[in-house]
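Prediction below, plus the sequence it came from.
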2 protein chains.
Amino acid sequence: MPTAELTEDERLDETFAALANSTRRAILARLATGEANVGELAEPFDLSMPAISKHLAVLERAGLISRGQRAQYRPCTLTPEPLEAVATWTEYYRPVWEARFDRLGDYLADIQP
Amino acid sequence: MPTAELTEDERLDETFAALANSTRRAILARLATGEANVGELAEPFDLSMPAISKHLAVLERAGLISRGQRAQYRPCTLTPEPLEAVATWTEYYRPVWEARFDRLGDYLADIQP
DNA sequence: TCGGTACTTTACCAACTGGTTAATTAACCA
DNA sequence: TGGTTAATTAACCAGTTGGTAAAGTACCGA
């Protein structure tokens, strides 16, 4: 079958949706320290294995992780390209939130004698 | 009533969920250029007004916009603090995706005679 | 006071999400 | 071969999401 062929917008939709869950963000944080199997990833959570499997499927579909196979194990690794896209998207708005400090700077300048 | 009292994780959940929709991201992009009424925000989209109202409610609940009132109009403005939180969250992973280039650098160094 | 404009609320719908338990697949090991 | 371990798939469920059409609210202006 052909590779999904998503638009940039659709890829951002999937990435943001995948990140909108603290279990999945915690899994990414764990993977930032290195590869891990599904069981190791599941251990910190009070969730069934199928629940973790589903979270991993969401992360994989969003391109945030990739999965290998070693015997019965499915080692997961972080693939951070979508995070880079999020950073790029977000940086566009940096001037907007920094304007607040600019205005604060103006204010501080104003009250100087 | 007391302000929602969400954890940092819950606020990130809401922010990422709000951003996981291209209509809402387009609305934010529009608001980055300045305040706008609901009708003005709806104009570029082939969606009913209630649909836009719902998107704005999601953005407001996530703290990404705030809404005023001027006669019949509800002017919306961008409130970028949650975007700053997203940037902070994302920057944590920057070394991970930049490691790719580091490794590329190692590789290029290796193949030098 | 009455009509129009701007927007929200309500009621409804189909599709998706996040969880469960039970069953299945696949690989190792004794 | 048969049992154990690792993980996925299937079937199900309640709650949320993204959309609609229709009704309601609120303000302005003639």
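On my side now, so go ahead. No experiment lies behind these values; they were computed from the predicted model shown.

count of neighbours near residue A:66?
12 (other Cβ atoms under 10 Å in any protein chain shown). Where C-beta positions appear, they are placed from N, C-alpha and C, glycine not excepted.

Return the residues of chain A in contact with DNA strand D.
Within chain A, the positions near DNA strand D by Cβ under 7 Å from any atom of the strand are A:37-40, A:49-50, A:52-54, A:56-57, A:67, A:72-74.

The same query, at a cut-off of 6 Å, please.
A:37-39, A:49-50, A:53, A:56, A:72-74 (Cβ under 6 Å from any atom of the strand).

Can you tell me which of those residues are buried?
Buried members of the residues of chain A next to DNA strand D, counted by 16 or more other Cβ atoms under 10 Å in any protein chain shown: A:37-38, A:56, A:74.

ok, the residue most central in space within chain A - contacts?
Centroid-nearest residue in chain A, with Cα atoms, centre = their mean: residue A:19, separated by 4.7 Å. Shown in contact with residue A:19 (Cβ atoms under 8 Å, 6 or more residues apart in numbering or on different chains): A:25, A:28, A:64, A:86, B:12, B:16.

What residues does chain A have near DNA strand C?
A:17, A:21, A:23, A:47-48, A:50-51, A:54-55, A:58, A:71-72.

can you list these in JSON lines and add distance to residue B:97, secondary structure and pLDDT?
Listed next are those as JSON lines, based on distance: Cβ to Cβ, whole Å; DSSP: H, G, I helix; E, B strand; the rest coil; pLDDT from 0 to 100:
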{"residue": "A:17", "distance to residue B:97": "20", "secondary structure": "helix", "pLDDT": "98"}
{"residue": "A:21", "distance to residue B:97": "21", "secondary structure": "coil", "pLDDT": "98"}
{"residue": "A:23", "distance to residue B:97": "22", "secondary structure": "helix", "pLDDT": "98"}
{"residue": "A:47", "distance to residue B:97": "28", "secondary structure": "coil", "pLDDT": "97"}
{"residue": "A:48", "distance to residue B:97": "31", "secondary structure": "coil", "pLDDT": "97"}
{"residue": "A:50", "distance to residue B:97": "30", "secondary structure": "helix", "pLDDT": "97"}
{"residue": "A:51", "distance to residue B:97": "28", "secondary structure": "helix", "pLDDT": "98"}
{"residue": "A:54", "distance to residue B:97": "25", "secondary structure": "helix", "pLDDT": "98"}
{"residue": "A:55", "distance to residue B:97": "21", "secondary structure": "helix", "pLDDT": "98"}
{"residue": "A:58", "distance to residue B:97": "20", "secondary structure": "helix", "pLDDT": "98"}
{"residue": "A:71", "distance to residue B:97": "29", "secondary structure": "coil", "pLDDT": "91"}
{"residue": "A:72", "distance to residue B:97": "30", "secondary structure": "coil", "pLDDT": "92"}
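
and these, which two are the farthest apart?
Using Cβ to Cβ, these reach their maximum pairwise distance at A:17 and A:71, which is 32.2 Å.

So the one helix or strand residue A:53 maps to, near chain B or not?
Assessed by DSSP states H and E, residue A:53 sits inside helix A:49-61. No: Helix A:49-61 does not reach chain B (Cβ under 8 Å from any Cβ of the partner chain); its nearest approach is 11.5 Å.

rewinding a little: show me the buried ones among the residues of chain A next to DNA strand D that map onto helices.
A:38, A:56 (DSSP state H).

In helices only, show me the contacts of residue A:19.
Secondary structure defined by DSSP H assigns A:25, A:28, A:86, B:12, B:16 of the contacts of residue A:19 to helices.

Could you find the closest non-adjacent residue to the last one?
Taking Cβ to Cβ, 6 or more residues apart in numbering or on different chains, and ignoring the residues beside it in sequence, residue B:16 has residue A:20 as its nearest neighbour in space, at 3.6 Å.
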